[in-house]
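Visitor: Build me a model from this:
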Amino acid sequence: MAQIKLENFDALIIKIVTDLAKDFRPVVDKIENTKIKTTKNNYAKYMGFIQEMSKNNEATMVIVGLALIKAGANYNGVKAAWDALK
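Guide: Next comes the predicted model:
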């Protein structure tokens with residue numbers, strides 16, 4: 001999957017992602033500060049969060065993932081989570 005860039009979306013999606021990023025910041029901080037040696041880039045933690053928040057809706061997975069990245073999540077961890085959830 002090519003890198004997904006927030007600026008490629010319309011204004012409403014950007015606002016939703018930005019607002020969610022503020023809410024997700026504590027989650028991202030917790031995940032990034034709790035390294036799991038067997039999970040590269042914390043993808044398992046991100047996968048669980050994305051799955052829980054999106055209820056397996058693919059479009060929602062992208063929005064939640066973008067919000068996590070905007071909140072400071074490791075891009076590679078979120079991308080690995082997206083790939084595993086496909």
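
Visitor: How far off centre is the helix or strand hosting Val64?
Guide: Using DSSP states H and E, Val64 sits in helix 58-70. Relative to its chain's centre, helix 58-70 lies at 5 Å (CA atoms, centre = their mean, to the nearest Å).

Visitor: which helices and strands sit right next to it?
Guide: If you count contacts as 3 or more CB pairs under 8 Å, 6 or more residues apart in numbering; DSSP states H and E, helix 58-70 packs onto helix 11-32, helix 43-54, helix 75-85. All C-beta spots, glycine's among them, are computed from the backbone N, C-alpha and C.

Visitor: can I assume Gly65 is in contact with Ile50?
Guide: Yes: if you go by CB atoms under 8 Å, Gly65 and Ile50 touch, sitting 5.8 Å apart.

Visitor: who touches both of those two?
Guide: Contact criterion CB atoms under 8 Å, 6 or more residues apart in numbering; residues shared by Gly65 and Ile50: 78, 81-82.

Visitor: so what's the spatially most central residue of the chain up against?
Guide: With distances taken as CA atoms, centre = their mean, the chain has Gly65 as the residue nearest its mean C-alpha position (2.4 Å). Applying CB under 8 Å, 6+ apart, we find Gly65 in contact with 4, 46, 50, 78-79, 81-82.

Visitor: And for Thr60, the neighbour number?
Guide: When neighbours are defined as other CB atoms under 10 Å, Thr60 has 13 of them.
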